[in-house]
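Colleague: everything below, folded, please.
(one chain, ligands or ions: 1)
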Amino acid sequence: MEIAPGAFHFRRYLSLDAQRALIDQCRALADGAVPAYVPVVRGGGKMHVRMLCLGRHWNGKTYAYEPTRTDFDGLPAPPLPDDLKRLAGEIAASAGMTIAADLCILNYYDADGRMGLHQDKDEGERSIAAGIPVVSISIGDTARFLFGGLRRKDPVDAIALESGDAFVFGGPARLRYHGVTRIVPGTAPPDLHLTGRFNLTFRQYDLFR
Ligand SMILES: O=C(O)CCC(=O)C(=O)O
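Modeller: All right, here's what the predicted structure looks like:
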């Protein structure tokens, strides 16, 4: 469903089996040799998610991407697995867009997880100017997702992102403000045996690859 020019919400894009497989993959990555961590941002505040960047690391102090986690433990960002990259491409294609994802931010939200209203604007200038989309996948508990305009003060829509949903924003929507105000505990499909929520956002930093 196109909710605004360039912004698409696909409910239940992923089957339960696909979600289960993705949860296993997310857990293995988040608890792997380069584990997810709670970033501390510029002003010294802690984020309310556990984060792991794949392909490139987003530095919460400089808001820049880099190969290694210089704001945390100096470890290299793990590579972005090919199957995830493919999935991002398929979802973008469903929205009539293309992405050659070269990075993904994997966030885990517990019952207190949230993320303030922000723009995704730290990727390469040419990629953003071309409107290459951000592709988001949600698994687990429902999130109250805010989707606003191009200015922070613009009105926002509250959208329930449920388990298996995909959300794509590119073209004229690429720089829209968005955030997560709350997680609704206990709303994940019981078969998933997941408490909390995983969210993956795929982006393409480089336009020419
Ligand atoms: O968790 C979400 O749905 C949004 C995540 C997000 O805004 C981000 O990673 O920049």
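
Colleague: quick check: residues of this protein near the ligand?
Modeller: 105, 107, 115, 120, 136, 138, 143, 145, 161, 178, 180, 199, 201 (Cβ under 6 Å from any ligand atom). For glycine as for every other residue, the C-beta is placed from the backbone atoms N, C-alpha and C.

Colleague: recalculate using a threshold of 8 Å.
Modeller: 49, 105, 107, 109, 115, 118, 120, 134, 136, 138, 143, 145, 161, 167, 178-180, 197, 199, 201 (Cβ under 8 Å from any ligand atom).

Colleague: just the buried residues out of the residues you listed, in ChimeraX syntax.
Modeller: The ChimeraX selection below is limited to those of the residues of the chain next to the ligand classed as buried (16 or more other Cβ atoms under 10 Å):
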select :49,105,107,109,115,120,134,136,138,143,145,161,167,178,179,180,197,199,201
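
Colleague: so which elements touch the longest helix anywhere in the chain?
Modeller: As assigned by DSSP state H, the longest helix anywhere in the chain is helix 16-30. Of the remaining helices and strands, those touching helix 16-30 by 3 or more Cβ pairs under 8 Å, 6 or more residues apart in numbering; DSSP states H and E are strand 50-54, strand 103-109, strand 134-140, strand 197-203.

Colleague: residues touching the shortest one, excluding its own?
Modeller: Strand 50-54 is contacted from outside by 29-30, 34-39, 58, 65, 69, 77-81, 84, 103-108, using Cβ atoms under 8 Å, 6 or more residues apart in numbering.

Colleague: filter those residues down to the buried ones and hand me the PyMOL line.
Modeller: In PyMOL syntax, the buried subset of the contacts of strand 50-54 is picked out as below (16+ other Cβ under 10 Å):
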select buried, resi 29+30+34+36+37+39+58+65+69+77+78+80+84+103+104+105+106+107+108
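
Colleague: can you tell me the closest non-neighbouring residue to the closest residue to the ligand within the chain?
Modeller: The ligand sits closest to residue 199 of the chain, with a gap of 3.5 Å, by Cβ to the nearest ligand atom. Spatial nearest neighbour of residue 199, chain neighbours left out: residue 107 (4.8 Å); criterion: Cβ to Cβ, 6 or more residues apart in numbering.
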